[in-house]
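Peer 1: quick check, what structure comes out for this input:
(chains A and B)
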2 protein chains.
Amino acid sequence: MRILLILNAVFLLASTTAAQRQRELNLMPMPSSVQLGTGQLPIDQFFSVAVTGFQEATLERGVQRFVAELSQQTGMLFKHKPADASPTLSIHADHGREPVQKLGEDESYELAITDSGAKLTAPTPLGILHGLQTLLQLVETTPAGFAVPAVTVKDKPRFPWRGLLIDVGRHFIPLDVLKRNVDGMAAVKLNVLHLHLSDDQGFRVESKRFPRLHEMGSDGMYYTQGELRDFVAYAHDRGVRVLPEFDTPGHSRSWFVGYPELASNPGPYKVDPEGPDSVTDPTQEGTYKFLEKFVDEMAKLFPDDYFHIGGDEVDGKYWDANPKIQAFIHSHGMKNNQDLQAYFNQRLQKILTKHHRLMVGWDEILHPDLPKTIVIHSWRGQESLATAAKQGYSSLLSFGYYIDLMWPAARHYAVDPMSGAAATLSPEEKSRILGGEACMWTEWVTPEILDSRVWPRTAAIAERLWSPQEVTDVGSMYARLAELNWRLDWLGLTHRTGRFQMLHRMSGTEDISALRTVADVVEPVKDYARISNVKGPWDFRAPLNHLIDAVSPESDPARHFRDQVQAYIQSSYKDQAAEAQIRALLTTWRDNDMKLYPLLQRSSLLLEVTPLSQDLSALGAAGLQALDYLDKSEPGPESWRAQQLALIERARTPRADLLLSVVAPVQQLIEASAGQTQK
Amino acid sequence: MRILLILNAVFLLASTTAAQRQRELNLMPMPSSVQLGTGQLPIDQFFSVAVTGFQEATLERGVQRFVAELSQQTGMLFKHKPADASPTLSIHADHGREPVQKLGEDESYELAITDSGAKLTAPTPLGILHGLQTLLQLVETTPAGFAVPAVTVKDKPRFPWRGLLIDVGRHFIPLDVLKRNVDGMAAVKLNVLHLHLSDDQGFRVESKRFPRLHEMGSDGMYYTQGELRDFVAYAHDRGVRVLPEFDTPGHSRSWFVGYPELASNPGPYKVDPEGPDSVTDPTQEGTYKFLEKFVDEMAKLFPDDYFHIGGDEVDGKYWDANPKIQAFIHSHGMKNNQDLQAYFNQRLQKILTKHHRLMVGWDEILHPDLPKTIVIHSWRGQESLATAAKQGYSSLLSFGYYIDLMWPAARHYAVDPMSGAAATLSPEEKSRILGGEACMWTEWVTPEILDSRVWPRTAAIAERLWSPQEVTDVGSMYARLAELNWRLDWLGLTHRTGRFQMLHRMSGTEDISALRTVADVVEPVKDYARISNVKGPWDFRAPLNHLIDAVSPESDPARHFRDQVQAYIQSSYKDQAAEAQIRALLTTWRDNDMKLYPLLQRSSLLLEVTPLSQDLSALGAAGLQALDYLDKSEPGPESWRAQQLALIERARTPRADLLLSVVAPVQQLIEASAGQTQK
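Peer 2: Got it, this is the predicted structure:
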């Protein structure tokens, strides 16, 4: 489903400058209600917590983690308070959580902070966990020491299903990486980790019933059952459900390596993309006997009420090629392959029901023959949410939340599950839209790359799904995202630090400053451009150690530069502070290629960066010349302009699957210098 | 022993510029023999290893780790080679290692690399482990991809005992932090991790015989016996012995909290420094009964042949104050407290012998009544190595290797165990000098700080202990240290990245660039200046979250700046490239305080940095003015110079326990500008 999608979304940036905003707390997601009080509550070495009301182990562990994180964030060990002193923070939950977290379980909380203490109350420990995250985000550095501002927060989620999908099929993602990402999810109040556990390239769960699934269907990298039980408990402790997905009947080549009898065509199969491919054969009873035992085993590992069966991108040609399958279709009065897939889904749905699981599947499983209990997971377009809701089905949005497509955070942020066709639904229909999931497909993601693809952009999606619909200020979002970003470091996430190791690897030396100058202002090509550029079959074991793998999906320095150019132009070229900063950057770029060139020539991984580096320097020079013309209030000569615009054309072209993300603002400067005559 | 020492070492910098050096491989420690060949061996996705000769589990795991690290360093997954292809690397060990690593076990290896393959041979797997580390350091980035140069390395250590002490008593250091440091040790061929397991402030090992040791003698942070067994095996796998130290009869308050009957004076005792203190009572038979059972238990946990009993800084006043102890001294014909400690050590030594352990202790245990099997660990001065060797004792050097004193790497590097009085020893006496240990005392070190204190400076000490004595070129050492430094990131060490989180914590915001400018050029005060500045009793639980805790012990940017000023002055002010770089830095500093000031005023942790930031800007301005005078070949006016030298005086003063490490080169520029008249 990752490849066929063509996107035509139009993206409008709604921005507010920092100056326009009131004092805003660095909370993300923004709570439903925040009332600032006066004063602040100091956080010192005598910080203490008391838990009254309902007590349970996950709550206790949650409080312990909170204290450890607070200690880490402040660099303070907490000492014991005198016994008679009142606690800094008192916590009260009314009753317990479900032993297996349910969809729609109460997650609300209230946090009341005065200068003498903080009080966190919630119906269940789930709300307490969320409130503790809010409290951690409130910790500030002040002239009087660490403190949280006096504030009253009343908070609850807009949608009950707020997820992150991680594809562990294409590239195996070890549990320690998953765990730190669960910590990140908890920090931004996401509550569903959707594990895409099998795909053509790998089957990642130990099966004792069908051991050839993980033994032959993977490169030896899979989760043992013991590890998965621990991991599900780890996520539960943090208020995160684990939703398993085993994609079928398509995206299933890894199943067929060990069990070719499940396939619609003769094998043998390999996980390697160069051999034959197929999809599951829905016409054989053996398939259902297999699935029955398989679901029985997997349901014991994954206690969640929901079970994702995939169901996307079933390539009909494999069914077309098998006369027995075609005969089955005709003898059962089906019209086409879609009907056959619906038949398969119905059979599978009955197996899931027997094991007390509700079916979730991608868009393609929507079919009137299926019961209303299934959940439609939209990936091909947002309108299917409304279509499903009108037909009585629950649904989830992931179209617009594909974080592998390298969009800026603002573009994901602008996608609302209730917009478009969904906006006109009745309240009852709207209630069927459960939320959404950010999707981290890993065709181009290894464990060392993952964090930088997920964070911080996923936090913008988390806010969309948690906060009130009217929270849409992009400037505010980016400001708060930046502050969240460095705090996520405390969780061990490598989204900010990992790239430096990769740059060192590429350059093979200590001084990577000139390479960083380029890396800072390039972005990976968007959408599916990278895979479109692959010649021949995609080798999922090809090294992901190029510059594209090390740079951020979205360049913050480029965004700041765009903003500065904007401010400078809007000031009618009078904003001298902006001009100075623009000049400083342009000068750095202009002079950078000369510094970087020797390094580029020394490394096979960096040779491809050469034209980008040259163009960045040329852009720097062009921008500086444009500023000179603007300073002199004289238009740049026509010939000069024509030359610069040719540079702009060239610099716009992706090279090494990278985009120079400062082309547009430099172009603006050049064009502005032409407009000087009107001044 | 950390506080009483006063250092008067004179430090001479022997430097070679990069241009003077031949192509030098980035190996650290430098092998005893390196012969460059021609060509290179490519490291591609078909890299493979074959092990012939002796096979054992630690060797197999070592090879697996090597392949995983190579994969990480190159960002490549390795694919299977055609079966008939010859392996890229073949490994051959003649025989096995000792199940418990012995002092002096053969660690030598030979590594022969041609353009068609690499061959690593060694008498035992220990040498193979070292050779694999050398191979990892040889991996280069080339225009043709990753490769190792054709080279023949023949290598063996100069000293058999190459250690790192980590004090886990003052601040508990969790096992994951210890483990990544063991990985770092293995990378630079250190082979002894000396764990200082107990001190006044904490007893860190679970004792089943005497549970009040860890229960009452710590803040709840200690290693369980199971954890320690795993850890010792982890270190053994990496060729690292674990040497336990339980400091006695001094530095033992944590023992007395649960077992006050061991102390020389009535308690009760607390680990807290504000209560009464004492040392062990050597006159009671109960003490030896306790130690007998204690050693029996600990010897089962720590299989190493050696057992460190501490023995340093025994404060005699506690024995003086107890009339029964004084009576014991007289009735046994002892002259003084030193004799009493020797008596104690003799008794303890017999207990250790019974459990097949050799005694190691600090300087103070040297006493003619002790047998020659004991090892003297020198911390008070280097001459005790020679004294001990002449008397027939083996010895270890740590004087000069105290990495908590914040010395530059070059100063540690200049300390050689065979220099000074040792230089004139006979060969037999010299052979008693076993090596040395870097010492990481943790009065001012928490787990998040540790890596930055240990690395990379410890690698310079590792080279001193491994490489031939004549390897002393400081310029080469720093160049290779810089290249090693970023490679240590791959082991998960946080010596480079950890400080950024701490700077964010202090400033409470995303943009820490101006703070980094200051942090880059300040260094912690040296030797024991920090603890000398503490008013009242030292609170070992005070937060270590100040700028001093985040900055490097040695400023690399300051060193580079000094070198540039040196080059500029030596060129008679003609080196324009150096001048341009000097100007750029001075300008950054001059303009920085204005940017940083608002941040400093916002944070209680940064207020103390204000005068440093102001002085750095003043130094920047002064340096620029000096350059202007030099450019114009006119001397700076006398009044200007007097003013600048007053600034220099002030800037030299430590503030916030930090030193501005660029004062001297700016002073040189100012003084140079005065000398213009002679030109």
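Peer 1: for the strand or helix carrying residue A:395, packing partners?
Peer 2: Per DSSP states H and E, residue A:395 falls inside strand A:394-397. When contacts are defined as 3 or more CB pairs under 8 Å, 6 or more residues apart in numbering or on different chains; DSSP states H and E, strand A:394-397 sits against strand A:375-378, helix A:383-390, strand A:433-440. Quick note: C-beta positions are derived from backbone N, CA and C, even for glycine.
Peer 1: strand partners of that strand, parallel vs antiparallel please.
Peer 2: strand A:375-378 (parallel), strand A:433-440 (parallel) (DSSP bridges).
Peer 1: please work out which of the helices and strands packed on strand A:394-397 is packed deepest.
Peer 2: strand A:375-378 (a mean of 27; mean count of other CB atoms under 10 Å in any protein chain shown).
Peer 1: pLDDT of that strand, averaged?
Peer 2: Per-residue pLDDT over strand A:375-378 has a mean of 98.
Peer 1: so what touches that strand?
Peer 2: With CB atoms under 8 Å, 6 or more residues apart in numbering or on different chains as the test, strand A:375-378 has contacts from A:306, A:308, A:358-363, A:365-366, A:384-385, A:388, A:393-399, A:434, A:437.
Peer 1: convert the C-alpha atoms of that strand to CSV, please.
Peer 2: C-alpha atoms of strand A:375-378 as CSV (Å, rounded to 0.1, in the frame of the first residue of the first chain):
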residue,chain,number,x,y,z
VAL,A,375,-13.0,-1.5,11.9
ILE,A,376,-12.0,0.1,8.6
HIS,A,377,-8.5,1.5,8.6
SER,A,378,-8.3,4.2,5.9
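Peer 1: figure out how far whichever helix in chain A runs longest is from the centre of its chain.
Peer 2: Looking across chain A with DSSP state H, the single longest helix is helix A:576-602. Chain-centre distance of helix A:576-602: 32 Å, with CA atoms, centre = their mean, to the nearest Å.
Peer 1: report the buried residues of that helix.
Peer 2: A:578-579, A:581-583, A:585-586, A:588-590, A:592-593, A:595-596, A:599-600, A:602 (16 or more other CB atoms under 10 Å in any protein chain shown).
Peer 1: the helix or strand just after it: which residues count as buried?
Peer 2: Following helix A:576-602 in sequence order, the next helix or strand is helix A:610-631 (DSSP H and E). Across helix A:610-631, burial judged by 16+ other CB under 10 Å covers A:610-627, A:629-630.
Peer 1: quick one: helix A:610-631 near chain B?
Peer 2: No - using CB under 8 Å from any CB of the partner chain, helix A:610-631 stays clear of chain B, coming no nearer than 11.7 Å.
Peer 1: orientation of that helix relative to helix A:576-602 in degrees?
Peer 2: Here helix A:610-631 points in a direction 160 degrees away from that of helix A:576-602 (axes from the mean of the first three to the mean of the last three CA atoms, to 10 degrees).
Peer 1: can you narrow the buried residues of helix A:576-602 to ones near chain B?
Peer 2: Among the buried residues of helix A:576-602, chain B is touched by residue A:602 when using CB under 8 Å from any CB.
Peer 1: which other helices and strands does the one helix or strand residue A:561 maps to contact?
Peer 2: Assessed by DSSP H and E, residue A:561 sits inside helix A:556-570. Packing partners of helix A:556-570 (3+ CB pairs under 8 Å, 6+ apart): helix A:576-602, helix A:663-674.
Peer 1: correct me if wrong: residue A:480 contacts residue A:137.
Peer 2: No - if you go by CB atoms under 8 Å, residue A:480 and residue A:137 don't touch, sitting 9.0 Å apart.
Peer 1: which residues does the closest residue to chain B within the stretch 151-300 of chain A contact?
Peer 2: Chain B sits closest to residue A:219 of the stretch 151-300 of chain A, with a gap of 8.3 Å, by CB to the nearest CB. Applying CB under 8 Å, 6+ apart to residue A:219 gives the contacts A:172, A:202, A:271.
Peer 1: only the buried subset of those, as a ChimeraX command please.
Peer 2: Per 16+ other CB under 10 Å, the buried members of the contacts of residue A:219 correspond to this ChimeraX selection:
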select /A:172,202,271
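Peer 1: just give me the closest of the contacts of residue A:219 to residue B:516.
Peer 2: Nearest to residue B:516 out of the contacts of residue A:219 is residue A:172 (CB to CB; 36.4 Å).
Peer 1: keeping just the C-alphas, turn stretch A:498-508 into CSV.
Peer 2: In CSV, the C-alpha atoms belonging to stretch A:498-508 read as follows (Å, rounded to 0.1, in the frame of the first residue of the first chain):
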residue,chain,number,x,y,z
GLY,A,498,21.8,9.5,15.8
ARG,A,499,22.4,11.4,12.6
PHE,A,500,25.8,12.7,13.8
GLN,A,501,27.1,9.2,14.0
MET,A,502,25.9,8.5,10.5
LEU,A,503,27.6,11.7,9.2
HIS,A,504,30.8,10.6,10.9
ARG,A,505,30.5,7.2,9.2
MET,A,506,30.0,8.7,5.8
SER,A,507,32.9,11.1,6.1
GLY,A,508,35.1,8.8,8.1
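Peer 1: that one - what's its average pLDDT?
Peer 2: 97.
Peer 1: for stretch A:354-370, same thing?
Peer 2: On average, stretch A:354-370 scores 96.
Peer 1: what about it, start to end distance?
Peer 2: Using CA to CA, to the nearest Å, the end-to-end distance of stretch A:354-370 comes to 15 Å.
Peer 1: repeat for stretch A:71-84
Peer 2: Termini of stretch A:71-84 sit 23 Å apart (CA to CA).
Peer 1: what about it, near chain B?
Peer 2: Yes - for stretch A:71-84 and chain B, the contact criterion (CB under 8 Å from any CB) is met by A:72, A:73, A:74, A:75, A:76, A:77, A:79.
Peer 1: can you report how many residues lie near the second one?
Peer 2: In terms of burial, residue A:73 registers 20 neighbours under the definition other CB atoms under 10 Å in any protein chain shown.
Peer 1: name the element residue A:523 belongs to?
Peer 2: strand A:522-524.
Peer 1: for the very next helix or strand once past that strand, C-alpha coordinates in CSV please.
Peer 2: Counting by DSSP H and E, the element after strand A:522-524 in chain order, helix or strand, is helix A:529-532. In CSV, the C-alpha atoms belonging to helix A:529-532 read as follows (Å, rounded to 0.1, in the frame of the first residue of the first chain):
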residue,chain,number,x,y,z
ALA,A,529,9.9,9.4,-5.2
ARG,A,530,12.8,7.4,-3.6
ILE,A,531,11.4,4.0,-4.4
SER,A,532,10.4,5.2,-7.9
